[in-house]
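A.B. asks: Sequence isn't available, so here's the structure alone:
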């Protein structure tokens, strides 16, 4: 498991450094307004993604771990369902952009081009096969290769002085390259042929339906601020806010790598021992909590320098927003661990109600705070929402109260020390 995490983190470190350099030049070249339009498109796509994903993102690894003999049927069925929903999603996004931005042809075209990435995201379902097999090092290397390709593409756009529409296509190209290479390697590694199964279609949709609603609720409180800022404050403000969010999330690859690599182990331990299962969940919480706290403190202290180095003086209004948003990330990672626990405990049916509470709170808070405090108000609304949804609701809601106890237990530094001591003994 540690080797698996090391591969993922190593590849994503290189990818993050490439992203940092490309972002520096791209954001300065596009300026706050065009950068804001690109990120507005990204927010709409992220908002609709849970519907397009059909909740399958959260259940694929567990299904593949539980039924390895039917991996071809599971992957083939998920891909077919995803392709149908992604086409409908693209049409919906384009219509939404046209209705919400009348007369803004550039915004509508950018949203259409960016949304094409949904098709290739669906083809990336095969990534979960690598996770289930604890072979994420392969998908990580492939992801890095794809990012190198797309980085070359973006540099060519900068040199050629191309307009914002060409940059909107970059996301689709990235996912397309990754999907193709993942599939080719899957076949070489002896993966089963893809096949559609009506039986598995019903099972996947049944398992995923809880995540469709909960994912949509998460999208509401994760994307509402971004969707509201552009029409309320303008494209420039959307660009400033996007810069703050990007900087706050620039180390997210580390946490994603840990979560992706550890989740199959947690699901497996649930089959054999409840004690081992809870120990693994508590250990994961401990790692996530302490790493995220270190990240938050560093970014808070150096927020001004980070914004000025990456984005330049033109993005100065993003500094204070970054100081608030970065703390939001800590609580969002806690929610990701909670979701792993809930799936393993077969409590995913409660997710929609938990996230509904968060979505309602976020819409209300953004409506009140954005007009009063601008992008800083949006940042504060998002932070309060994450604390409410991932900590307070868990303490109140009895079916998941046990998870909150594990989270509190993880705050003890001794848990982290014991985790590393156990690792050293194994080595």
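C.D. replies: Ah, there it is. Quick caveat, the model's predicted, so the values are computed rather than measured.
A.B. asks: make it CA atoms for all contacts and neighbour counts henceforth
C.D. replies: OK.
A.B. asks: Identify the residues contacting the strand or helix carrying residue 394?
C.D. replies: Assigned by DSSP states H and E, residue 394 belongs to helix 393-396. Applying C-alpha atoms under 8 Å, 6 or more residues apart in numbering, the contact partners of helix 393-396 are 354, 400-401, 403-404.
A.B. asks: Can you select the buried ones among the residues you listed for me in PyMOL?
C.D. replies: Here is the PyMOL command that selects only those of the contacts of helix 393-396 that count as buried (16 or more other C-alpha atoms under 10 Å):
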select buried, resi 354+400+403+404
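A.B. asks: could you give the mean pLDDT of the helix holding residue 394?
C.D. replies: Across helix 393-396, pLDDT averages out at 89.
A.B. asks: let's have the chain start at 36 instead
C.D. replies: Sounds good: first residue 36 from here, last item helix 428-431.
A.B. asks: ok now that helix, how far from the chain's centre?
C.D. replies: Mean C-alpha position of helix 428-431 versus that of the full chain (C-alpha atoms, centre = their mean, to the nearest Å) differs by 23 Å.
A.B. asks: Could you give me the buried positions within that helix?
C.D. replies: Neighbour count says helix 428-431 has 428-430 buried, by 16+ other C-alpha under 10 Å.
A.B. asks: I'd like those residues written out as CSV, with distance to residue 189 added.
C.D. replies: Converted to CSV, these look like this (distance: C-alpha to C-alpha, whole Å):
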residue, distance to residue 189
428, 42
429, 43
430, 46
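A.B. asks: Centroid-nearest residue for the protein?
C.D. replies: Closest to where the C-alpha atoms of the chain average out (C-alpha atoms, centre = their mean) is residue 291, at 8.0 Å.
A.B. asks: and the helix or strand in which it is found, average pLDDT?
C.D. replies: Assessed by DSSP H and E, residue 291 sits inside helix 287-307. Averaging pLDDT along helix 287-307 gives 82.
A.B. asks: now that helix, how far from the centre of its chain.
C.D. replies: Centroid separation between helix 287-307 and its chain, computed with C-alpha atoms, centre = their mean, is 15 Å.
A.B. asks: what's the next helix or strand along the chain from that helix packed up against?
C.D. replies: Counting by DSSP H and E, the next helix or strand C-terminal to helix 287-307 is helix 309-336. Helix 309-336 sits against helix 287-307, helix 353-379, helix 436-445, helix 448-461, with contacts defined as 3 or more C-alpha pairs under 8 Å, 6 or more residues apart in numbering; DSSP states H and E.
A.B. asks: Quick check: closest non-adjacent residue to residue 95.
C.D. replies: residue 163 (6.2 Å; C-alpha to C-alpha, 6 or more residues apart in numbering).
A.B. asks: Then residue 244?
C.D. replies: Nearest residue to residue 244 in three dimensions, chain neighbours excluded: residue 90, at 6.0 Å (C-alpha to C-alpha, 6+ apart).
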